[in-house]
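1. Here is my input; please provide its structure:
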Amino acid sequence: MIKLLDTQAYFDLLKIPYPTTQAAVIDKFRSEGLITKNNTTYDITKLGAILFAKNLEDFEVLARKSIRVIVYKGRNKVETEREQIGKKGYAIGFAGLIPECIQKLLLENLLRMQLYIRILRKRDSQW
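-> Next up, the predicted model:
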């Protein structure tokens, strides 16, 4: 279970200390319905996997449920400028994808604004 789920991220997101024993981690995940006991082993629930998977492709039923961030050119969805597909579970994956996309968009807009300012200055200096 700990190989497949980012258990540290769970505790970090909830701002609670990470348990000192593996048994305590398992108990917490069981109480939240993220895993279930199956005789002598544990099964990861779909909820546990979709939220905290280190790699969604490790779960066949969820492999196609990855987070996707798509930036389109223009105002319609005809042409894609950039697409980024996350592999982590939703609870831990958004944190990595969104800031990176926002950062790229801000940089692109800043570059466009600088170009626009240069064009205006050049035009104004010709008058």
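2. how about the strands in the protein?
-> Secondary structure of the chain, counting by DSSP state E: strands at 35-38, 41-44, 68-72, 80-85.
3. can those strands go into a markdown table with extra columns for distance to Ala24, mean neighbour count and mean pLDDT?
-> C-betas here are computed from N, CA, C, even on glycine. Converted to a markdown table, the strands of the chain look like this (distance: least, C-beta to C-beta, whole Å; neighbours: other C-beta atoms under 10 Å; pLDDT from 0 to 100):
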| stretch | distance to Ala24 | mean neighbour count | mean pLDDT |
| --- | --- | --- | --- |
| strand 35-38 | 13 | 14 | 92 |
| strand 41-44 | 14 | 14 | 92 |
| strand 68-72 | 35 | 13 | 80 |
| strand 80-85 | 34 | 12 | 80 |
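4. For Leu5, which of these is the nearest?
-> strand 41-44 (6.4 Å; C-beta to C-beta).
5. Show residues contacting that closest one.
-> Contacts with strand 41-44, where a contact means C-beta atoms under 8 Å, 6 or more residues apart in numbering, come from Met1, Leu4, Leu5, Ile26, Arg30, Leu34, Ile35, Thr36, Lys37, Phe59.
6. For stretch 55-69, could you pull out the residues that count as buried?
-> By neighbour count on 16 or more other C-beta atoms under 10 Å, the buried set for stretch 55-69 is Leu56, Phe59, Ser66, Ile67, Val69.
7. Identify the residues contacting the closest residue to Leu62 other than its chain neighbours.
-> Of all residues not flanking Leu62 in the chain, Leu56 sits nearest, at 5.0 Å (C-beta to C-beta, 6 or more residues apart in numbering). Residues in contact with Leu56 (C-beta under 8 Å, 6+ apart) are Ala49, Ile50, Leu62, Ala63, Lys65, Ser66, Lys87, Lys88, Gly89.
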